[in-house]
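Novice: Got a sequence here, can you model it:
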Amino acid sequence: MNITKEQIDELNAVVKVAITKDDYQEKVDKILKDYRKQANIPGFRKGQVPLGLIKKQYGKSVLVDEVNKLLQDNLNKYLTEEKLDVLGNPLPKQKEDFDWDNDTLDFEFELGLAPNFDVQVKTKKAITHYKIVADKKMIDEQVERIQKQYGKLVSSAEVGSKDEVTGTFKNEDEEIDNKTTLEVSKIKSKKALNALLGKKAGEEVSLSTKGLFKEDYLLSGALGIDREKAEKLNVDVTFTIEEINERQLATLDQELFNKLFGEDNVKSEKELRDRIKEDSEKQFEQQSDQKLLNDITERLIESTKFELPAEFLKKWIQVSGENPLSDDEASEEYEKSEKGLRYQLIEGKIIKDHNLQVQLEELKEFAKGFIKSQMAQYGHMDPKEEELENIATRVLGNQDEVKRLSEQLMSQKLLNLYKEKGNLKVKEVSYDNFIKEAYS
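Specialist: Model (predicted):
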């Protein structure tokens, strides 16, 4: 077998493979002899079918299979040994006059090659790194939410402005029939408020869906319909009151602090507020980091210039899926995927240039941290090291989980690199302002 490469340009090449009978004949003959031993053909005893008949019936298909195996194995080996960084997969060049009976079988494959380029992690223009802080308004809301959650319900005779009202919404034309509990304080419409206040259990009121709640998303849950329908809905619904309760807020005392954070870990309202602020800002850090990663990705794609073997990639896209695509469909798919491919190459270059690696031990520690945070969500705040070790070992026994966690850890390493070496401008904002600035 002989393999050679013809360089077309910096991004395209053709690999030529010449296979002779010496490369495959022995294996083909062995397979045909094995076929003969097992063949059941009328008129012949098992194992006594003439070899010529076996060759005539199966020879070509066995030859094609064996040659294709040789091609795949040796082409992959050649690409690895020559350290050719290819995009997609080699594409066979079709030959109309190809003859499988020739003594030498010649094949050609088109290659799309990855470009050579440099990446500057420190971009010329600074990128905003948001530091989200929990302001007093947010902390007050969190404290009140905790007090409501751990408070108690006291039955009320009639609807008051701070009550929770359980009842059923109905509208026959819109097929609405949903029992729900709503907080009167969340009602926006003055007309709806006037209709509800002072009413007693068993009474029915008519309410307009338009502008009913202060937060639009509450309507779909209250009526038991999807959000898309709720956004367009402008009808009157009846609301039959079944139960009225006042939620009395829990007292901020040691008993409540112990329920929330364990024995004596928080001992005052100030410590509670400090803890809420600390925990909230840790959660915000994940959102801030994701925003930073997205912005850096966009900036690196924008600032790192290189060409791609576009025509090759379009041809590869055209034939690589389950169903072949037309020229126009392949071009459209290429346009959709080009940005992702560019960042994939940029990311790979950064990982190589800065020698970023995922070691087994740090992957296990990363898995344990992930498991610990998952357990904390279900109230298991202080798991033992042995328990974490056992769970992590089981998780890392699953190759899909190893791949997923490795990608997450590498993403974290890249983020740390960007924070250390990137041109970042830190900006402190409240959560509300972060949402306005980052996603407006």
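Novice: can we go C-alpha only for contacts and neighbour counts from here?
Specialist: Fine.
Novice: Go through whichever helix in the chain runs longest and flag the buried ones.
Specialist: When the chain is parsed with DSSP state H, its longest helix is helix 269-303. Of the residues in helix 269-303, 272-273, 275-277, 280-281, 284, 287-289, 291-293, 296-297, 299-301 count as buried by neighbour count, 16 or more other CA atoms under 10 Å.
Novice: ok, now which ones touch F213?
Specialist: Counting by CA atoms under 8 Å, 6 or more residues apart in numbering, F213 touches 186-189, 219.
Novice: where does the stretch 251-400 of the chain have low pLDDT?
Specialist: 379, 381 (pLDDT under 70).
Novice: Show me where it has its helices.
Specialist: Using DSSP state H, counting those that start in this stretch, the helices of the stretch 251-400 of the chain run over 254-261, 269-303, 310-320, 327-353, 360-377, 385-395, 399-421.
Novice: For the third one, name the packing helices and strands.
Specialist: In terms of contacts (3 or more CA pairs under 8 Å, 6 or more residues apart in numbering; DSSP states H and E), helix 310-320 is packed against strand 86-92, strand 104-113, helix 327-353.
Novice: switch the cut-off to 7 Å
Specialist: Judged by 3 or more CA pairs under 7 Å, 6 or more residues apart in numbering; DSSP states H and E, helix 310-320 is in contact with helix 327-353.
Novice: Number of residues surrounding D328?
Specialist: By other CA atoms under 10 Å, the residues close to D328 number 11.
Novice: Then the one 4 residues further on?
Specialist: Residues contacting E332 under the criterion other CA under 10 Å number 12.
Novice: And what about the closest residue to A13 other than its chain neighbours, helix, strand or coil?
Specialist: Leaving out its chain neighbours, the residue that sits closest to A13 by CA to CA, 6 or more residues apart in numbering is Q7, at 4.4 Å. Following DSSP: H, G, I helix; E, B strand; the rest coil, the label given to Q7 is strand.
Novice: Also L153?
Specialist: strand.
Novice: List the contacts of it.
Specialist: Going by CA atoms under 7 Å, 6 or more residues apart in numbering, L153 touches 245-248.
Novice: possible to save those as TSV with pLDDT and neighbour count?
Specialist: Shown next, in TSV, are the contacts of L153 (pLDDT from 0 to 100; neighbours: other CA atoms under 10 Å):
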residue	pLDDT	neighbour count
N245	95	20
E246	92	20
R247	89	20
Q248	90	16
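Novice: from those, which is closest to L63?
Specialist: R247 (80.7 Å; CA to CA).
Novice: Tell me what the closest one is bridged to.
Specialist: R247 has these beta-bridge partners by DSSP bridges: L153.
Novice: correct me, but it touches G151?
Specialist: Yes - R247 is within contact range of G151, at 6.5 Å (criterion: CA atoms under 7 Å).
Novice: With respect to Y78, which of the helices of the stretch 251-400 of the chain lies nearest?
Specialist: For Y78, the closest of the helices of the stretch 251-400 of the chain is helix 310-320, at 20.0 Å, according to CA to CA.
Novice: can I get the CA coordinates of that closest one in CSV?
Specialist: Extracted C-alpha coordinates of helix 310-320, given in CSV (Å, rounded to 0.1, in the frame of the first residue of the first chain):
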residue,chain,number,x,y,z
ALA,A,310,-15.4,26.7,3.3
GLU,A,311,-16.1,24.8,0.1
PHE,A,312,-14.8,21.5,1.5
LEU,A,313,-16.8,22.0,4.7
LYS,A,314,-20.0,22.6,2.7
LYS,A,315,-19.4,19.4,0.7
TRP,A,316,-18.7,17.5,3.9
ILE,A,317,-21.9,18.9,5.5
GLN,A,318,-23.8,17.9,2.4
VAL,A,319,-23.0,14.2,2.8
SER,A,320,-22.3,13.7,6.5
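Novice: Show me which residues of that helix are buried.
Specialist: By 16+ other CA under 10 Å, the buried positions in helix 310-320 come out as 310, 312-318.
Novice: and it, how far out from the chain's middle?
Specialist: Chain-centre distance of helix 310-320: 25 Å, with CA atoms, centre = their mean, to the nearest Å.
Novice: Could you do stretch 29-43 as well?
Specialist: 51 Å.
Novice: How about stretch 46-65?
Specialist: 50 Å.
Novice: Repeat that for stretch 293-300.
Specialist: Offset of stretch 293-300 from its chain centre (CA atoms, centre = their mean): 17 Å.
Novice: ok, back up a step: which members of the buried residues of helix 310-320 are the farthest-apart pair?
Specialist: Pairwise distances across these (CA to CA) peak at 12.2 Å, for the pair A310 and Q318.
Novice: Let's have the contacts of L153 in TSV, adding distance to F117.
Specialist: TSV is the format used below for those (distance: CA to CA, whole Å):
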residue	distance to F117
N245	67
E246	66
R247	64
Q248	65
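Novice: Pick out the most distant pair among those residues.
Specialist: The two members of the contacts of L153 with the most space between them (CA to CA) are N245 and Q248, at 9.3 Å.
Novice: Please report the number of neighbouring residues for the nearest residue to N12 once chain neighbours are set aside.
Specialist: Excluding its sequence neighbours, the residue lying closest to N12 (CA to CA, 6+ apart) is G112, at 5.0 Å. For G112, the neighbour count with other CA under 10 Å is 25.
Novice: Next one, pLDDT for G112 please.
Specialist: At G112, the predicted lDDT confidence score is 97.
Novice: L111 is in contact with P92, correct?
Specialist: No - using CA under 7 Å as the test, P92 is too far from L111 to be in contact (9.2 Å).
Novice: More neighbours: which of the two?
Specialist: Neighbour totals were compared for P92 and L111, and L111 leads with 27 against 14 (other CA under 10 Å).
Novice: if I pick the more buried one, what's in contact with it?
Specialist: Neighbouring residues of L111 by CA under 7 Å, 6+ apart: 12-14, 86, 90-91.
Novice: do that again at 6 Å, thanks
Specialist: By CA atoms under 6 Å, 6 or more residues apart in numbering, the residues touching L111 are 12-14, 90.
Novice: remind me which residues of the stretch 101-250 of the chain are low pLDDT?
Specialist: Along the stretch 101-250 of the chain, no part satisfies pLDDT under 70.
Novice: all helices for it, in order.
Specialist: In the stretch 101-250 of the chain, the segments counted as helices under DSSP H, counting those that start in this stretch are 136-149, 190-196, 218-223, 227-232.
Novice: now, of those helices, which is deepest in the fold?
Specialist: With neighbours taken as mean count of other CA atoms under 10 Å, these reach their highest mean count in helix 218-223, at a mean of 18.
Novice: Which residues does that one contact?
Specialist: Helix 218-223 has contacts (CA under 6 Å, 6+ apart) with 178, 180, 226-227, 230.
Novice: Let's see that with 8 Å instead.
Specialist: Under the contact criterion CA under 8 Å, 6+ apart, helix 218-223 has outside partners 169, 176-182, 209, 212-213, 226-227, 229-230.
Novice: Give me the buried entries from the residues you listed.
Specialist: 169, 176-182, 209, 212-213, 227, 230.
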